[in-house]
Every structure is written in C-alpha cells, then in structure tokens.
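**Q** Quick one, structure for this:
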Amino acid sequence: MKRRHFIGTLGALFAGASAVGTGAFTSTTASRGVAVQVAQENNAYLGLAPATGSANSSFASNSQTGKELSVDINDAADTAQGSNPGVEDSQGVNQNAATEIDRVFEVRNQGTQAQYVDIDPLELTIDSNPLTVEFYVKDSTGGSKKFIHRKAGGTGNLPDRADQALKIPAGEKRQIGVFVDSVGYSGVDNSNAKNDSDSTGIFSDDSAGSGVTAVTLPSSSPFNP
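**A** Alright, predicted model coming up:
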C-alpha cells in the first residue's frame, strides 16, 4: 500500500527567513494546523536539523519560529570573509556557475521503519535570470552526486533526471547537500545583487515506489555520519 507522506516545506535558497513546515510521521498527511501532535523539527519522527560535524551547517538553522529548519545561502555566518574582523560576510553563490554545498542539513529517521525520502527541486527566476536548486547525497568522498527527487520531467530550467529517493533506515540519519545552478545568471554586482526565496516539499514513504531507484549510502560516505 502506497503511503507517501508530506513531511513539510523547506524554505530554500536566496531566502532571508523562509521556513520548513513540520508534518506528523503518520499515515495521515499533516501540516501546521492539523489536529495531530507535532514536535520541534529536530525531534519529529522525521527530524530535520543542520548537519552535525559539517562546516556547511552554518547555511542551515532551526532558529526560526517553532524551531523549523531554514536554509539561507545569502549571508551565512562563519564564512571565510566574515571571520576576518572588519571584512564583510560572503553574500552568495557565484553567477553563471554550478555550486555544490555538501552536507548542509540532515534528515533523521526517528521512527520505527525504514523511510525513502525525496525533496522537490526548485526553479527560481531573478530579474529574468534562471536559477535552479536541487538536493543531493554522495556515496563516497569526492563521489558523484545522487539527486534525491522524483522525476523532474525536464520542465523549465530543470534537467530530466531519474526518479530517486534516499533510503534512511530506522534510527539513522543522512546529510543532504545543496546544488545551485546559476548558469545563465549574470550581470550582478554588489550594487544590484538580488535574492529570492521559495519553499519545496519534503516527502517520505515506507517504500521506494514503482519506477523509483532507492539510493543507499555505504558507511564510508561522508553523507552517512
């Protein structure tokens, strides 16, 4: 029986304070306002939190109202520039580039059975410039990216990728990277740099589903702490 659960909405990049919605880990789709018990984000059945032990966890935070996870690539704390007194923090990803940020946040399976998790990609447009955001893991140090979302279909700015969902056994966690494709985005300087925000869905299921490849990570993967 297919039981794909909507877990929440991840406030995504170029956002100042977008948030992740919290959903209950039951057979009922739940979001804020539904009469089921919910927990703070990191204590929920499917916990969401900044990646432990990763320098890139500074791009994620549970500090918003309700301790909901947010990801901000605008002015992350503790970037190299900002660590120098009197020097302004770094402000974002490069234009006309593909940027990978490993191990930004983690998904914890605090339930009783394995879950297959996927996160919808984002398509943003800033000043008519396309920008896409996807979420990934790697199976080894320096390994290739494995995007964890259902088939994008090749619509808009997104490439046509295979359906893949990340398997997380009960009691374990996996760390998620953020991939930003700003190829085609150009003409930005400090006087006209823009940001944008959006939310994306995080889903879990107790099976991978028909036609969906289950992504499993070996213990040697840095994304499997």
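
**Q** after the helix or strand bottoming out on mean pLDDT in the chain, next one along is what?
**A** When the helices and strands of the chain are compared on mean pLDDT, DSSP states H and E, strand 5-11 comes out lowest with a mean of 58. Sequence order places strand 46-50 as the next helix or strand after strand 5-11, per DSSP states H and E.

**Q** what are the pairing partners of that next one, and which direction each?
**A** When sheet partners are counted by DSSP bridges, strand 46-50 sits next to strand 98-109 (antiparallel).

**Q** Go through the strand it pairs with and flag the buried ones.
**A** Within strand 98-109, the residues that count as buried by 16 or more other Cβ atoms under 10 Å are 101, 102, 103, 104, 105, 106, 107, 108, 109. Just so you know, the C-beta spots here come from the backbone N, C-alpha and C atoms, and that holds for glycine as well.

**Q** Could you tell me the end-to-end distance of stretch 210-217?
**A** End-to-end distance of stretch 210-217 (Cα to Cα, to the nearest Å): 20 Å.

**Q** any residues touching it, and which ones?
**A** Applying Cβ atoms under 8 Å, 6 or more residues apart in numbering, the contact partners of stretch 210-217 are 116, 118, 137, 139, 146, 148, 150, 162-167, 174, 208, 223-224.

**Q** Going through these, which ones are buried?
**A** Applying 16+ other Cβ under 10 Å to the contacts of stretch 210-217 flags 116, 118, 137, 139, 146, 148, 150, 163-167, 174, 208, 223-224 as buried.

**Q** Residue 125: which of the residues you listed is nearest?
**A** residue 150 (22.0 Å; Cβ to Cβ).

**Q** Tell me if the closest one really is in a strand.
**A** No: counting by DSSP: H, G, I helix; E, B strand; the rest coil, residue 150 falls outside a strand, being coil.

**Q** That one is in contact with residue 118, isn't it?
**A** Yes: contact criterion Cβ atoms under 8 Å: residue 150 and residue 118 qualify, at 5.5 Å.

**Q** quick one: common contacting residues for these two?
**A** Counting by Cβ under 8 Å, 6+ apart, the residues touching both residue 150 and residue 118 are 165, 212.
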